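[1] Take this sequence and fold it.
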Amino acid sequence: MNEADVRERLSAVRDPDLGDDIVSLGLVNDIEIEESEGGTGGDAGGTVRVSLALGAPFSPNESAIADDVREALADTGLDVELSASIPDDLSADDQVLPGVQNVIAVASGKGGVGKSTVAVNLAAGLSELGARVGLFDADVYGPNVPRMVSAEQRPETDGETIVPPERFGVKLMSMDFLTGEDDPVIWRGPMVHKIITQLVEDVEWGELDYLVMDLPPGTGDTQLTILQTLPLTGAVIVTTPQDVALDDAVKGLRMFGKHDTNVLGIAENMAGFRCPDCGGFHEIFGSGGGKALAQEHELPFLGGIPLDPSVRTGGDDGEPVVLEDGETADAFKVIVENVANNAGVVRRRGVSEGQ
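    Numbers count the residues shown, from 1 in each chain. Model prediction:
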């Protein structure tokens with residue numbers, strides 16, 4: 001068993017999203033075979049180490065690729081060790097947030113559509129899958145993520161860096177931590193740019209698989225600062241089914257398009273209400289608007305989330321709904337998996353097109 005033999009076996013492993021085998025797509029970074037002492041490989045034992053260009057940790061589709069690689073090498077008599085990394089031409093010193101693999105922005109064209117709710121549950125859901133996750137509440141004028149997760153602990157600092165607190169396995173940072181209770185933030189654009197840039201540089205995020213950014217609604221200074229400053233893997237657009245929300249969601253789509261930022265998909269919030277008394281399902285804000293918008297713009301539809309009082313109240317100690325059981329939790333879990341899968345598509349496609 002040599003490297004060519006291993007590559008031949010791996011050529012039978014297909015990428016479920018890109019539609020070709022992982023060898024042809026350039027998703028095999030390196031193969032190393034270490035024979036057991038005194039052996040010649042094969043039946044004599046040893047280890048084969050395969051480095052794969054997988055960029056979305058714990059996404060179901062990338063986990064399936066890794067499982068298929070193990071299966072393809074299962075009968076070689078070798079122990080299989082896998083690692084994953086996306087090749088990067090930039091040195092760590094030249095990157096913003098060098099320890100963060102994926103930065104995912106959660107955005108909406110207008111307020112009141114549940115964008116922060118989606119961001120909180122996306123972050124908690126990714127953490128529940130096993131990923132290392134941070135959540136940056138970048139809604140400068142209306143930060144409410146700490147309240148949504150009942151975060152009582154404040155960030156700590158040594159005078160140079162800010163150490164974010166954690167809730168439900170997610171590192172948190174928010175403007176709400178930096179202002180007095182009920183104090184309004186009355187800043188012009190340059191100040192917004194300065195504080196966002198400073199928080200990005202000074203917060204000790206450490207090694208993260210995903211940093212979820214909860215953006216303010218609309219297409220203003222904060223969004224522009226983030227688009228110009230951070231290497232976004234992609235954006236999630238949150239809308240509700242009615243036309244007024246959809247019209248504003250289109251503006252958000254165009255903003256990301258003008259800055260060559262991938263849109264990972266559209267999530268539809270408040271997609272119907274199941275009455276706890278009669279059991280009927282009522283489409284209070286209409287139906288299918290988010291899915292139709294995704295189809296119109298040839299974007300993935302991430303899923304729909306029903307109206308549910310538990311989303312507002314949360315579980316014990318502000319626990320995000322995605323961590324519970326039930327119809328609404330399942331809806332959020334679908335969105336979490338779709339976002340992770342689509343982030344992986346973006347990263348793997350970049351490797352394949354750049355080979």
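[2] Tell me where the stretch 251-355 of the chain has strands.
    Counting by DSSP state E, counting those that start in this stretch, residue ranges of the strands within the stretch 251-355 of the chain are 263-274, 281-282, 301-307.
[3] right, I mislabeled it, should have said the chain
    For the chain, the strands defined by DSSP state E occupy 28-35, 46-52, 79-84, 100-107, 133-137, 156-157, 162-163, 166-167, 170-174, 208-214, 234-239, 263-274, 281-282, 301-307.
[4] Now do Val346: how many residues are near it, please.
    Neighbours of Val346 under the rule other C-beta atoms under 10 Å: 18. From N, CA and C alone the C-beta is placed, and that goes for glycine too.
[5] got the contact list for the closest residue to it other than its chain neighbours?
    Closest residue to Val346 apart from its sequence neighbours, by C-beta to C-beta, 6 or more residues apart in numbering: Asn262 at 5.0 Å. Listed by C-beta atoms under 8 Å, 6 or more residues apart in numbering, the contact partners of Asn262 are Leu232, Thr233, Gly234, Ala235, Phe256, Val346.
[6] Just the buried ones out of the residues you listed, please.
    Using 16 or more other C-beta atoms under 10 Å as the burial test, the contacts of Asn262 include Leu232, Thr233, Gly234, Ala235, Phe256, Val346 as buried.
[7] Now tell me which of these the prediction trusts least.
    The member of the buried ones among the contacts of Asn262 with the lowest pLDDT is Phe256, at 85.
[8] Now do that one against Glu166, distance only.
    Counting by C-beta to C-beta, to the nearest Å, the gap from Phe256 to Glu166 is 29 Å.
[9] give me phi/psi at His297?
    phi -100, psi 10 (degrees, to the nearest 10).
[10] returning to what we had before: can you flag the weakest of the strands of the chain by average pLDDT?
    strand 281-282 (a mean of 66).
[11] For the protein, just list every one of the helices.
    3-10, 60-72, 115-129, 145-148, 189-202, 221-229, 243-258, 289-296, 309-313, 327-354 (DSSP state H).
[12] contacts for the shortest one?
    Residues external to helix 145-148 that are found in contact with it (C-beta under 8 Å, 6+ apart): 116-117, 119-120, 135, 137, 139, 151, 172, 174, 176-177, 214, 314, 318, 320.
[13] same deal with the first one?
    Here helix 3-10 makes contact (C-beta under 8 Å, 6+ apart) with Asp21, Ile22, Val23, Val28, Ile31, Ile33, Val48, Val50, Val69, Ala72, Leu73, Thr76.
[14] number of nearby residues for the fifth one?
    Around Ile31 there are 16 other residues, counting by other C-beta under 10 Å.
[15] Under the pLDDT cut-off, which ranges of the stretch 151-300 of the chain? List them.
    Applying pLDDT under 70 to the stretch 151-300 of the chain picks out residues 179-189, 218-220, 272-273, 276-277, 279-287.
[16] if we can go back for a sec, can you tell me which of the strands of the chain comes nearest to Gly354?
    Closest to Gly354 of the strands of the chain, according to C-beta to C-beta: strand 28-35, at 12.7 Å.
[17] show me the contacts for Ala84.
    With C-beta under 8 Å, 6+ apart, Ala84 has these contacts: Ser51, Leu52, Ala53, Leu54, Gly55, Pro57, Glu62, Ala66.
[18] What of Pro143?
    Applying C-beta under 8 Å, 6+ apart, the residues contacting Pro143 are Asp137, Ser174, Met175, Asp176.
[19] Same list (the helices of the chain) but as TSV, adding distance to Gly109.
    Formatted as TSV, the helices of the chain follow (distance: least, C-beta to C-beta, whole Å):
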stretch	distance to Gly109
helix 3-10	43
helix 60-72	29
helix 115-129	10
helix 145-148	20
helix 189-202	19
helix 221-229	11
helix 243-258	3
helix 289-296	11
helix 309-313	20
helix 327-354	18
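[20] okay, those, which one's buried deepest?
    Among the helices of the chain, ranked by average contacts under mean count of other C-beta atoms under 10 Å, first place goes to helix 115-129 (a mean of 27).
[21] Let me know the angle separating that helix from strand 234-239.
    Put simply, helix 115-129 runs at 130 degrees to strand 234-239, going by axes from the mean of the first three to the mean of the last three C-alpha atoms, to 10 degrees.
[22] Please put the alpha-carbon coordinates of helix 115-129 into PDB.
    Below are the C-alpha coordinates for helix 115-129, written out as PDB (Å, rounded to 0.1, in the frame of the first residue of the first chain):
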ATOM      1  CA  LYS A 115     -32.600  38.000  13.600                       C
ATOM      2  CA  SER A 116     -31.000  37.900  17.000                       C
ATOM      3  CA  THR A 117     -33.100  34.800  18.000                       C
ATOM      4  CA  VAL A 118     -31.700  33.000  14.900                       C
ATOM      5  CA  ALA A 119     -28.100  34.100  15.700                       C
ATOM      6  CA  VAL A 120     -28.300  32.900  19.300                       C
ATOM      7  CA  ASN A 121     -29.800  29.500  18.300                       C
ATOM      8  CA  LEU A 122     -27.400  29.100  15.400                       C
ATOM      9  CA  ALA A 123     -24.400  29.700  17.800                       C
ATOM     10  CA  ALA A 124     -25.800  27.400  20.500                       C
ATOM     11  CA  GLY A 125     -26.700  24.800  17.900                       C
ATOM     12  CA  LEU A 126     -23.200  24.700  16.400                       C
ATOM     13  CA  SER A 127     -21.800  24.400  19.900                       C
ATOM     14  CA  GLU A 128     -24.100  21.500  20.600                       C
ATOM     15  CA  LEU A 129     -22.800  19.700  17.500                       C
END
